[in-house]
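>>> Got a predicted structure plus its sequence, pasted below:
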Amino acid sequence: MNRKLKWDEIIGILFVTVSVCFLCISVFLSFSDDIWYDELFTMGLINQPFGKLISITARDVHPPLYFLIVKLFVSVTEIIGTGISQVAIAKLASVFPFLLCLIYAVTMVRRNFGMLTAGLFSFLLLSMPQIADYTVEIRMYGYALFFITAAMLHAYELVQEKKSYVNWFALTFYALAACYTHYFACVAACMVYLYLLIALWKEHRIKEEMKAYLISGACCAAAYLPWLISVVVFQVGQVKEN
């Protein structure tokens, strides 16, 4: 038997539909070859061998994950032979995290907060000032946004006691991905863990979840430590040389 949609669900669906239209516009904009200096740096970097890419990013102000993602997109499409330019593929790679945000909106956000909130989440995300530029910019900001948003949503579900093992793994994965995407995103990931700690304490579940919390945080920190050490060692060497 078909259930009649409520007014808030209808409005939420309309907001999601408009958001999908915004994303389609971003896909269309991806086929322009106009890029600026930082995007040119990204394009030059992804054409370097893997080892050299890592070495160069250690000297830059950003971690390497985003550049590896774009390199993967470009490499796969070149193997398939789509005939699409590298610049267009790199821009489409920047659209991808916003598509993932929409998927999270209609699944996890809708499940926890309802269809209206999911629609508002989608619409406000894709109607932010200058977001049409950021969705196609060949830089890491869209991925940083997605990783932090996803980590926060999984942390919220942990507070709600939903599928704890899956959510602990997802939180650890997304927090680590955020750390390897942008240093400010690393700070935001720490804030997500702080939120979770405070929320579990308020829910009187801190003792029962402390083991999982510490394992998650330790895994994230341990996996990020090699990069931090390599960056610090390199930068100290640069300072000494200068």
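Alright, I've got the coordinates. Residues are numbered from 1 along each chain as shown.
>>> so is the residue nearest to Trp227 when sequence neighbours are not counted in a helix, a strand, or just coil?
Nearest-residue entry for Trp227: Pro63, 6.2 Å, with adjacent residues in sequence omitted and distances by C-beta to C-beta, 6 or more residues apart in numbering. In this view, the C-beta of every residue, glycine as well, is placed from N, C-alpha and C. Using DSSP: H, G, I helix; E, B strand; the rest coil, the structure places Pro63 in coil.
>>> Tell me if I'm right that Pro63 and Cys179 touch.
Yes: counting by C-beta atoms under 8 Å, Pro63 sits close enough to Cys179 to count as a contact (7.0 Å).
>>> Over to Glu161. Which of the three states is it?
Assignment for Glu161 (three-state DSSP): coil.
>>> begin at 419 from here
Yep, numbering from 419; the last one is Glu579 now.
>>> and it, how many neighbours?
11 (other C-beta atoms under 10 Å).
>>> Then Phe565?
By other C-beta under 10 Å, neighbour count at Phe565 equals 27.
>>> Check Ala640 too.
When neighbours are counted by other C-beta under 10 Å, Ala640 comes out with 10.
>>> elements contacting whichever strand or helix holds it?
Per DSSP states H and E, Ala640 falls inside helix 624-659. Applying 3 or more C-beta pairs under 8 Å, 6 or more residues apart in numbering; DSSP states H and E, one finds that helix 624-659 contacts helix 468-477, helix 582-597, helix 601-620.
>>> Comparing those helices, which yields the minimum mean pLDDT?
Lowest mean pLDDT within these: helix 468-477, at a mean of 86.
>>> which outside residues touch that one?
463-464, 466, 481-482, 485-486, 489, 648-649, 652, 656 (C-beta atoms under 8 Å, 6 or more residues apart in numbering).
>>> Give me the buried subset of these.
463-464, 481-482, 485-486, 489, 649 (16 or more other C-beta atoms under 10 Å).
>>> ok, so of the residues you listed, who is nearest Arg623?
Nearest to Arg623 among the buried ones among the contacts of helix 468-477: Pro481, at 32.6 Å, using C-beta to C-beta.
>>> check contacts around the closest one.
Counting by C-beta under 8 Å, 6+ apart, Pro481 has contacts 475, 597-601, 645.
>>> Could you export stretch 608-619 as CSV, CA atoms only?
As requested, C-alpha coordinates have been extracted for stretch 608-619 and formatted as CSV (Å, rounded to 0.1, in the frame of the first residue of the first chain):
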residue,chain,number,x,y,z
CYS,A,608,40.3,16.6,16.2
MET,A,609,37.2,18.7,17.0
VAL,A,610,34.9,15.8,15.9
TYR,A,611,36.7,13.5,18.3
LEU,A,612,36.3,16.2,21.0
TYR,A,613,32.6,16.4,20.3
LEU,A,614,32.2,12.7,20.5
LEU,A,615,34.0,12.6,23.8
ILE,A,616,31.8,15.3,25.3
ALA,A,617,28.6,13.7,23.9
LEU,A,618,29.5,10.3,25.2
TRP,A,619,30.2,11.8,28.6
